[in-house]
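S.K.: Let me see the structure of the following:
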Amino acid sequence: MTDFENLRGQWENTLRIERGYTFVDTAPLECHIGYDDKLRRTLLIISRHEMKIPPSSKTVEINCRRRKDGRFNLTLSLLSDNETAVFVEMCRDLLTAAEDARDESTALKNFWQRYKHWQNLFAAAQSDLLSEERQRGLIGELLFLRGQIIDGRPLKESVAGWTGALKEHQDFSYGATWYEVKAVTEQAEKVRISSIEQLSLERIGELVIYRLAKTADDGFTLNSLVNELSELLSQNPAAAQRFEVLLFQTGYVTREEYDEQFYRVAEVMNFTVDENFPRLTKNNLPPAIVEASYSLNLRGLKEALQ
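M.R.: This next block holds a predicted model:
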């Protein structure tokens, strides 16, 4: 699997000159990373196959040109250095998707299928404002991450434990313990569990619930919380870059609208998820039920686990 830090390091070690590239071992694709004739950070793939390419975006320009030897140069060029960390992660993810293919044709197919996911992320980041519910959910995860850092967990480890938008089911995982983080309004009486798998791991985990109260002009905003974490993580460039990527994958980019609403934490509730926790799992549901979501009553949850 292509590693983010190694790929970023190899890019930084490539001379920033016109069409200056270095080879990356990502068989069955012939891949090079470096800079195009406009000195833009570029992923170059040389292929025997002519490709139908998707349109360029506001972030990435895509081109496919025939070479003198009859093969084709496919290039993905970053339009702004402000998105470097996201672009490197995208390239890493695309190359990883292609690496397990049996031949070049299949690798390219996997590459473009995965690129559709990134197209959606770029489109969402450029046009969609996160809903209030999604903002609240992100705030909960950021508060938990901040708590890990403040409690002394190493910066790189803290960020590595956040699975972000690419998570399978749980929000954070450190060693043998997992954490599912929820954020609800101060008046909420229940919390929604979106899937059977979310609380179904056999090993013991923790459900962390933040009650958030809206305030007029004090407390924190989504943007200020992101800025605080960025400052904390600036001491470790690798952790800071990974944090930037994970934020982008949630659909977050800095917008003025995210400074309009202030919050304070009204309460934090922590529940150990073990054999005594009331939950739906594949083991306690009829075999015919393969998918479900449900809600937990917060007052009942407190009383049941006292």
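
S.K.: Tell me where this protein has strands.
M.R.: 20-26, 29-35, 41-47, 60-66, 72-78, 172-174, 177-185, 190-193, 205-215, 262-273, 294-297 (DSSP state E).

S.K.: of all those, which lies closest to E244?
M.R.: strand 72-78 (13.8 Å; Cβ to Cβ). To be clear about C-beta, it is placed using only N, CA and C from the backbone, and glycine gets the same treatment.

S.K.: counting contacts, what elements does that closest one pack onto?
M.R.: The contact analysis (3 or more Cβ pairs under 8 Å, 6 or more residues apart in numbering; DSSP states H and E) places strand 72-78 against strand 41-47, strand 60-66, helix 84-99.

S.K.: partners of the first one in the sheet?
M.R.: On the basis of DSSP bridges, the sheet neighbours of strand 41-47 come out as strand 29-35 (antiparallel), strand 72-78 (antiparallel).

S.K.: Hey, what's the angle from that strand to strand 60-66? Just curious.
M.R.: Per axes from the mean of the first three to the mean of the last three Cα atoms, to 10 degrees, the angle that strand 41-47 makes with strand 60-66 is 30 degrees.

S.K.: In strand 41-47, which residues are buried?
M.R.: R41, T42, L43, L44, I45, S47 (16 or more other Cβ atoms under 10 Å).

S.K.: Could you report the separation of the second one from R255?
M.R.: The spacing between T42 and R255, counted by Cβ to Cβ, to the nearest Å, is 28 Å.

S.K.: okay if I get the strands of the chain as a markdown table plus distance to W118?
M.R.: Shown next, in a markdown table, are the strands of the chain (distance: least, Cβ to Cβ, whole Å):
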| stretch | distance to W118 |
| --- | --- |
| strand 20-26 | 17 |
| strand 29-35 | 17 |
| strand 41-47 | 12 |
| strand 60-66 | 8 |
| strand 72-78 | 10 |
| strand 172-174 | 24 |
| strand 177-185 | 25 |
| strand 190-193 | 28 |
| strand 205-215 | 30 |
| strand 262-273 | 31 |
| strand 294-297 | 32 |
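
S.K.: returning to that earlier point: just the buried residues of strand 41-47 now: which is nearest M90?
M.R.: The shortest approach to M90 among those belongs to L43, at 8.7 Å (Cβ to Cβ).

S.K.: Please name the residues that touch that closest one.
M.R.: Contacts for L43 (Cβ atoms under 8 Å, 6 or more residues apart in numbering) come out as C31, H32, I33, T75, L76, S77, C91, L94.

S.K.: domains in this structure, as residue ranges please.
M.R.: Listed domain ranges for the chain are 4-127, 132-304 (source: automatic domain parsing).

S.K.: what does the average pLDDT come to for the longest one?
M.R.: Model confidence over domain 132-304 averages 90 on the pLDDT scale.

S.K.: how distant is it from the center of its chain?
M.R.: 13 Å (Cα atoms, centre = their mean, to the nearest Å).

S.K.: Also stretch 96-108?
M.R.: The answer for stretch 96-108 is 23 Å, by Cα atoms, centre = their mean.

S.K.: And the contacts of it?
M.R.: Against stretch 96-108 from outside (Cβ under 8 Å, 6+ apart): 1-2, 26-29, 45, 47-49, 51, 109-111, 113-114.

S.K.: from these, which would you call buried?
M.R.: Counted by 16+ other Cβ under 10 Å, the contacts of stretch 96-108 give T2, T26, P28, L29, I45, S47, N110, F111, R114 as buried.

S.K.: my read: the last one touches L95, true?
M.R.: No. Using Cβ atoms under 8 Å, R114 and L95 do not qualify as a contacting pair, with a distance of 9.4 Å.

S.K.: so what sits against both of the two?
M.R.: Common neighbours of R114 and L95, using Cβ under 8 Å, 6+ apart, do not exist here.

S.K.: How about A124: what's its closest non-neighbour residue?
M.R.: Ranked by Cβ to Cβ, 6 or more residues apart in numbering and with sequence neighbours excluded, the top spatial neighbour of A124 is G251, at 4.8 Å.

S.K.: number of nearby residues for the one you found?
M.R.: G251 is flanked by 19 other residues according to other Cβ atoms under 10 Å.

S.K.: Spit out the contact partners of Y179.
M.R.: Contact analysis of Y179 by Cβ under 8 Å, 6+ apart lists F144, Q170, D171, F172, S173, G205, E206, L207, V208.

S.K.: Do I have it right that the fourth one meets V159?
M.R.: Put plainly, it is F172. No. Using Cβ under 8 Å, F172 is not in contact with V159, being 10.3 Å away.

S.K.: where do the contact lists of the two overlap?
M.R.: Residues touching both F172 and V159 by Cβ under 8 Å, 6+ apart: L145.

S.K.: one step back: would you list the phi and psi of the residue nearest to A124?
M.R.: Per-residue torsions, G251: phi 100, psi 10 (degrees, to the nearest 10).
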